[in-house]
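> Coordinates for the following, if possible.
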Amino acid sequence: MVRMLAAGLLGGGLLAIAAAAPASPPWRDGLSWQGRSATMQAAGEGGWRLRINAGDATPRTVAIAPQPLASDTGSALFDGLFALAQQEMAQDRVDAIRDGAFDHGKPLPCDCFQTGEKWPYVWTRDLSYAADLALARLDPERVRRSLRFKLSDVRNPTLPQGLYVAQDTGSGGSWPISTDRVVWFLAARHLLDDEAFGEETWRALRDTLAQDREYAFDADIGLYRGETSFLDWREQTYPAWTKEDVRFIGESFALSTNVLHYDALRLAATMAARRDDGAAAAEYRAQADALAARIDARFWNERRGMYMSYIGSADNPAPYEAYDLLGISLAVLSGAVPEARAKRALERYPAVEAGSPVVWPQHRDVPVYHNRAIWPFVSAYALEAARKVGAPARIAHELRSLMRGAALAGSNMENYEFLIQAVHVDDGALSGPVVNSPRQLWSVAGYLDMVLRGVFGLEDDGGVAPMIPVELVPMLFGEREAISLRLADRTIELRRPATLDGNLLVAGATRREGDRTIVELRAEHVTSAPLVLDAPQFAPPTPEAPRVQRIQEGWRVEAPGADSLYVDGSLRGPVGDGIVLPRRDAAQCMSATRTGADGLESLHSPTVCIGEVAEVAGDWPRRWTAPRDGRYRVALRYDNRNGPINTGVTAAVKRLSVRCGDAPEQVLPVVMPHSVGEQRSTSATFDAHSGQACVFALHDGFNMSDLRHFARYTGGKGGAEGALNEAKVGAMEISNVGEALP
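This is a model prediction of the structure:
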């Protein structure tokens with residue numbers, strides 16, 4: 001049956017059924033969905049029994065023990081699943097962690113949170129998002145210990161010393177191809193009441209931001225380079241051609257990663273001000289404000305009414321028809337984008353009846369994991385974003401999705417297929433989710449956050465600001481006049497209003513009676529668009545790279561199978577039978593896209609650049625004379641086989657020094673990620689005047705293998721055997737890209 005459902009999905013039939021399906025009925029003791037059902041029963045003394053019937057297997061029962069916190073609502077299913085999430089949080093508390101790539105898989109003592117049943121280690125982004133959602137509130141000391149595990153000093157004595165957040169193993173040899181390690185500060189900001197931890201956070205924040213500013217920030221574009229946060233399986237969300245060449249990912253710009261840097265800069269401004277460092281606070285605020293302006297300008301797609309997941313590299317910063325729910329939710333919550341656009345972006349993000357997929361559009365030839373999937377922790381962030389902009393339909397939708405997934409799986413799973421919300425769909429080579437762990441930490445935290453903050457409105461400062469869609473009243477209240485949440489130090493009681501003349505219940509009068517906080521809810525009507533349930537789901541395939549031929553009047557560009565051509569980041573127009581680009585002194589870079597019958601645009605082809613390129617080889621230092629005044633782009637041919645494309649810590653990171661005549665030295669970061677042969681490094685730009693002799697020197701930069709944290713890494717080079725920041729470097733490639741900056 002599942003195979004038939006998957007086939008219907010790929011053909012578009014199931015989507016139409018899902019879009020037209022009626023709203024789910026109230027869930028009191030259980031729910032039914034796509035031939036599966038779950039029933040919750042009280043088991044005495046605060047315990048619960050969850051009975052799951054998958055339809056084609058023997059029913060199973062999940063025993064849930066009494067828990068420290070308890071909700072008391074009109075839905076046994078809601079209350080029991082809250083207890084289940086607490087039980088799974090307790091199961092993720094460990095005194096040792098392990099991973100096959102560290103310490104040869106041996107247990108490492110750590111009184112920490114592990115990432116999940118199948119991920120028994122501490123990973124920076126998983127822990128940080130989980131802590132930000134709920135765990136920092138519920139177990140602050142264990143979260144602090146877990147966060148400290150991801151801080152590291154420098155083991156290489158020849159490099160500048162400091163305290164840094166570790167970017168975990170990843171694409172092309174990790175940082176700075178992946179640059180979302182600043183998510184650590186999203187968690188740490190909740191735990192600064194501990195003075196010692198606050199000082200560690202301040203030191204790590206200053207050092208990490210300074211390092212990212214040096215190696216990952218593009219001053220011309222005004223954004224930080226690097227991979228989308230969490231969406232770190234290249235071919236799931238990036239063009240298929242990046243599978244064996246991640247340079248583009250390291251040069252592109254991602255919404256989520258830039259929003260995380262914005263949040264970190266705002267935190268730095270606050271912490272500097274508290275330390276009476278007005279100059280530093282002003283500088284961090286200025287950087288944050290400038291970054292927010294560039295985020296809004298660069299990622300907004302007016303035609304879709306959403307912020308794009310990522311855009312192209314500096315040589316061709318083209319818009320990509322790719323959107324992700326985490327990036328949009330983080331942008332909304334951060335305040336980095338205008339309120340009107342924030343609300344519109346969240347409302348326009350497509351949904352299906354099972355919930356909201358983490359990326360849109362999907363790709364037909366990619367297995368289920370990030371593609372064609374719902375991730376509960378992202379749903380929890382979307383719920384919080386919906387609360388911020390006042391979108392009751394999205395709040396209710398994400399809440400039901402979180403409940404349904406946990407109930408039918410009997411656990412807060414890592415992810416689900418996006419249409420039938422199954423933990424696995426059999427679809428041949430496209431089957432998935434490819435990996436799926438029970439009690440995934442950030443999924444557990446997402447469910448807890450949905451109850452604590454999403455329904456009962458518990459704020460970080462202890463205040464109570466509920467925001468409950470009226471459509472959820474039959475489930476949450478039933479025939480009751482009030483629902484309650486028992487915490488360690490008090491009970492929160494929400495009382496329904498006499499009339500439900502609106503679409504959202506919010507806090508009215510609030511009072512304390514002993515250890516009870518009583519909130520009289522009132523109904524109000526907020527303007528909110530309905531969910532977008534009828535959006536097309538699949539992008540067309542990516543075309544091949546444009547073909548370029550030099551002709552007398554310039555360049556003739558053809559792109560078979562493509563519809564549009566982008567040149568230097570801007571849409572040039574329909575490609576038709578070919579486009580002629582006039583000859584220019586400066587280089588031009590282009591890519592092509594295909595448009596489907598439903599109007600969706602494909603991901604871009606590989607970029608092709610035209611124009612004169614000077615190759616400079618030989619021993620260092622190398623010399624080159626500028627043929628004209630202008631701004632120049634430089635990259636290195638290289639080979640880095642120190643690790644596989646998908647993991648490791650040995651992306652080669654160098655500092656290219658450029659001295660042109662008597663002008664001040666220009667120092668440029670150059671990154672050479674893991675490769676499968678010779679390819680081109682990331683590029684950087686410098687200014688030169690006509691006739692100036694420029695001298696280039698290559699110096700060591702910094703990579704993750706330089707951190708003491710990775711002395712335990714035994715899954716590849718750059719770990720236990722010592723830091724490694726090397727690649728086989730070939731010729732420099734230099735091309736003019738326009739007029740010099742003033």
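> going forward, measure contacts and count neighbours with C-alpha atoms only.
Noted.
> What lies in contact with stretch 194-204?
144, 151, 162-165, 185, 188, 191-192, 268, 271 (C-alpha atoms under 8 Å, 6 or more residues apart in numbering).
> What is the nearest of the residues you listed to residue 87?
Closest approach between these and residue 87, by C-alpha to C-alpha: residue 144, at 20.5 Å.
> mind checking how far stretch 134-144 is from the chain centre?
Distance of stretch 134-144 from the chain centroid (C-alpha atoms, centre = their mean, to the nearest Å) equals 22 Å.
> Quick check: which ranges of the chain have low pLDDT?
Counting by pLDDT under 70, the ranges of the chain that qualify are 1-25, 741-742.
> domain assignment for it?
472-522, 547-610, 614-738 (automatic domain parsing).
> which one of those has the most crowded surroundings?
domain 614-738 (a mean of 20; mean count of other C-alpha atoms under 10 Å).
> Among the contacts of stretch 194-204, which ones are in helices?
Mapping the contacts of stretch 194-204 onto helices (DSSP state H) picks out 144, 185, 188, 268, 271.
> Just send those back as a markdown table, with distance to residue 685 and neighbour count too.
Shown next, in a markdown table, are the ones in helices among the contacts of stretch 194-204 (distance: C-alpha to C-alpha, whole Å; neighbours: other C-alpha atoms under 10 Å):
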| residue | distance to residue 685 | neighbour count |
| --- | --- | --- |
| 144 | 40 | 19 |
| 185 | 31 | 26 |
| 188 | 35 | 25 |
| 268 | 28 | 25 |
| 271 | 33 | 21 |
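> Out of the residues you listed, flag the one nearest to residue 232.
Nearest to residue 232, judged by C-alpha to C-alpha, of the ones in helices among the contacts of stretch 194-204 is residue 185 at 19.4 Å.
> Can you tell me the closest non-neighbouring residue to that closest one?
Of all residues not flanking residue 185 in the chain, residue 264 sits nearest, at 6.2 Å (C-alpha to C-alpha, 6 or more residues apart in numbering).
> And residue 188, by the same measure?
Residue nearest to residue 188 in three dimensions, not counting chain neighbours: residue 201, with 7.0 Å by C-alpha to C-alpha, 6+ apart.
> The one you found belongs to a helix, doesn't it?
Yes. Counting by DSSP: H, G, I helix; E, B strand; the rest coil, residue 201 falls inside a helix.
> Specify the residue positioned farthest from the middle of this protein.
For the chain, the residue at maximal distance from the C-alpha centroid (C-alpha atoms, centre = their mean) is residue 552, at 46.5 Å.
> ok now do that residue, which residues does it touch?
Counting by C-alpha under 8 Å, 6+ apart, residue 552 has no contacts.
> Quick check: the residue sitting nearest the centre point of the chain vs residue 370, distance?
The centre of the chain sits closest to residue 229, judged by C-alpha atoms, centre = their mean, with a distance of 2.8 Å. According to C-alpha to C-alpha, to the nearest Å, residue 229 stands 12 Å off from residue 370.
> which residues in the stretch 101-250 of the chain form strands?
Using DSSP state E, counting those that start in this stretch, the strands of the stretch 101-250 of the chain run over 108-113, 151-152, 164-165, 217-218, 223-224.
> which outside residues touch the first one?
So the one you mean is strand 108-113. Identification of contacts with strand 108-113 by C-alpha under 8 Å, 6+ apart yields 92-98, 122, 127, 142-143, 145-146, 441.
> For these, give me TSV that also has distance to residue 558 and neighbour count.
Converted to TSV, these look like this (distance: C-alpha to C-alpha, whole Å; neighbours: other C-alpha under 10 Å):
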residue	distance to residue 558	neighbour count
92	55	20
93	58	19
94	58	16
95	60	13
96	58	16
97	54	22
98	52	19
122	49	23
127	47	27
142	58	18
143	55	25
145	57	15
146	53	22
441	49	31
